[in-house]
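Visitor: no sequence for this one, just the structure:
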C-alpha cells in the first residue's frame, strides 16, 4: 500500500530523521523545507535529504517550502497532491525558536514564531484535511507539547505558538470524532540533538538524545491512529507504554545523561 507523508523541516535534524524512518518502513516522502543551499550553521538541503531518503527505494519529492510564507505553502501542497494524489500523513516539524521574556521579544520575532509554528500548522492542516476527510483516512502530527503552564514564563511568545499547535490537535479530535482521520501532538521528554540545540548552544551532546527517538515515536503513532487521536504525547513515555525499555540507544554519547526538557531546563538555557 502506497503511503505518503508530507514532512516540514525535513532537510535536516528531527525532520530528516523522521523522513528516513518512514521511508525505511515503505512510506513515500515529501521533504518540505526552505533550504536549497547549505550554510556553515545549517548544512543539508531538500535535495541532499531527498538523496539520502531515496536510498530506501520509495518515492521522494523535495519541495521548496518556507512555511512562514502562504504562497510557498500553497505551491508545496499543489506539487505534493499533483505528484502523489493524496497525503496519508502531515507531520509539521518545522519550528522557530525564541526563548525570551516579553520585553526582549520584538514583534518581528513574535510574528516569526507564530507564522512558522502555529499558523503554518493550521494552514497545512486546512489544505490537506479535506482530502483526508474525503478518503476517511489520514493522520496529522504536530511537534508540540502538552499544555503546561509552568513553562510559559520567560517563553511566552514561543509557548503561545507551540500550545496553539497542540490546540489544533485537541480541537480536531472533536471535529473529526466520527471520522477515521486522526491528529496527535508529539514532544520530546529530553533535549534532542538538532541544529536548534547546536546553534542556540542549548547544552552539549552529553545531555542530548538522538532525533531517532522522535522518529520511532512518530512511526508508532502512525500505526495507532485510534489510540493516539487527540493525544498530546511525550516520546519516552509513549514508547515505554508500548513496552520499550532500551533508551540508552538514543544517547548521543554512551556516558551521557539526557536532560529533561522542562521549565527549569528552559530557564537555564535562556540565561
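Guide: Yes, it's here. The structure presented is a predicted model; accordingly, all values stated were derived computationally and were not measured.
Visitor: When you work out contacts or count neighbours from here on, use the C-alpha atoms and nothing else.
Guide: Noted.
Visitor: How are the strands of the stretch 1-150 of the chain distributed by residue range?
Guide: Using DSSP state E, counting those that start in this stretch, the strands assigned to the stretch 1-150 of the chain run over residues 4-8, 28-33, 60-64, 89-92, 139-142.
Visitor: relative to strand 4-8, how tilted is the longest one?
Guide: Right, the one you point to is strand 28-33. 10 degrees (axes from the mean of the first three to the mean of the last three CA atoms, to 10 degrees).
Visitor: Over to the third one?
Guide: Strand 60-64 and strand 4-8 are oriented at 30 degrees to each other (the same axes, to 10 degrees).
Visitor: Point out where the stretch 151-271 of the chain drops to low pLDDT.
Guide: 270-271 (pLDDT under 70).
Visitor: where along it do the helices fall?
Guide: For the stretch 151-271 of the chain, the helices defined by DSSP state H, counting those that start in this stretch occupy 156-175, 195-199, 212-222, 225-228, 235-241, 263-270.
Visitor: can I get the ones you listed in TSV with mean neighbour count?
Guide: TSV is the format used below for the helices of the stretch 151-271 of the chain (neighbours: other CA atoms under 10 Å):
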stretch	mean neighbour count
helix 156-175	21
helix 195-199	15
helix 212-222	21
helix 225-228	16
helix 235-241	16
helix 263-270	15
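Visitor: of all those helices, which lies closest to residue 92?
Guide: helix 156-175 (9.2 Å; CA to CA).
Visitor: just checking, what packs against the closest one?
Guide: helix 107-113, helix 120-135, strand 139-142, strand 182-187 (3 or more CA pairs under 8 Å, 6 or more residues apart in numbering; DSSP states H and E).
Visitor: want to throw the ones you listed into TSV with mean neighbour count and distance to residue 214?
Guide: Listed next are the helices and strands packed on helix 156-175 as TSV, based on neighbours: other CA atoms under 10 Å; distance: least, CA to CA, whole Å:
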stretch	mean neighbour count	distance to residue 214
helix 107-113	16	21
helix 120-135	18	18
strand 139-142	27	12
strand 182-187	26	8
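Visitor: Tell me, how many residues neighbour residue 151?
Guide: Residues lying near residue 151 (other CA atoms under 10 Å) number 17.
Visitor: Can you tell me, leaving aside adjacent residues, what's nearest to it?
Guide: If the residues on either side of it in the chain are set aside, residue 151 comes closest to residue 263, at 4.6 Å by CA to CA, 6 or more residues apart in numbering.
Visitor: thinking the one you found is in contact with residue 150, fair?
Guide: Yes. Between residue 263 and residue 150 there is a contact at 6.2 Å, judged by CA atoms under 8 Å.
Visitor: any residues in contact with both of those two?
Guide: Common neighbours of residue 263 and residue 150 (criterion: CA atoms under 8 Å, 6 or more residues apart in numbering): none identified.
Visitor: Can you give me the distance of residue 218 to residue 158?
Guide: According to CA to CA, to the nearest Å, residue 218 and residue 158 sit 23 Å apart.
Visitor: what's the answer for residue 20, then?
Guide: Counting by CA to CA, the gap from residue 20 to residue 158 is 28 Å.
Visitor: same check, this time on residue 188
Guide: Following CA to CA, the distance that separates residue 188 from residue 158 is 16 Å.
Visitor: Likewise for residue 239?
Guide: Applying CA to CA, the value for residue 239 to residue 158 is 26 Å.
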